[in-house]
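Q: sequence unknown, structure follows:
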């Protein structure tokens, strides 16, 4: 396999990733907007705005590190929402619990992920 084939394969993978994540980011935007709208907490709204900006930037230039930043911002937002709910001394809403269970499911899947093959070293 030549370098051009590797580059074409990588470009195709990035295009596939962009298509899938564009759909996912639409779902995330709706879910996170609903989550954040339930809180009057400034930290929640600040993180929500940061995440929206990251998602917009990712759509324009889809990269794996860009998606990782979006996921990180989503985790920060979820934590901020949970802390705000705790500070307001109220139970989490159904939507917030759904987000919590999605995070737990993802972590469980990662625990059972098969090990990746070791990279070969060149001498």
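A: Perfect, I can see it now. Every value quoted in this text rests on a predicted model; they were computed, and no experiment measured them.

Q: quick one: low-confidence ranges for this structure?
A: For the chain, applying pLDDT under 70 flags the ranges 1-45, 47-48, 58, 62, 64, 85, 87-123.

Q: give me the neighbour count for residue 71.
A: Per other Cβ atoms under 10 Å, the neighbour tally for residue 71 reads 15. Just so you know, the C-beta spots here come from the backbone N, C-alpha and C atoms, and that holds for glycine as well.

Q: apologies, that question was intended for residue 46.
A: Neighbour count of residue 46, defined by other Cβ under 10 Å: 14.

Q: next SSE after the helix or strand hosting it?
A: Residue 46 is located in helix 42-60, with elements delineated by DSSP states H and E. Sequence-wise, the next helix or strand downstream of helix 42-60 (DSSP H and E) is helix 64-87.

Q: which elements pack onto that following helix?
A: helix 3-37, helix 42-60, helix 94-111 (3 or more Cβ pairs under 8 Å, 6 or more residues apart in numbering; DSSP states H and E).

Q: so residue 57 sits against residue 66, correct?
A: Yes: applying Cβ atoms under 8 Å, one finds residue 57 in contact with residue 66, separated by 6.7 Å.

Q: neighbour count: those two, which is higher?
A: Shown here are residue 57 and residue 66; by other Cβ under 10 Å, residue 66 has more neighbours (19 against 14).

Q: ok, that one to residue 59 distance?
A: Separation of residue 66 from residue 59 (Cβ to Cβ, to the nearest Å): 9 Å.

Q: same question, residue 83
A: Look at residue 83 and residue 59: by Cβ to Cβ, they are 29 Å apart.
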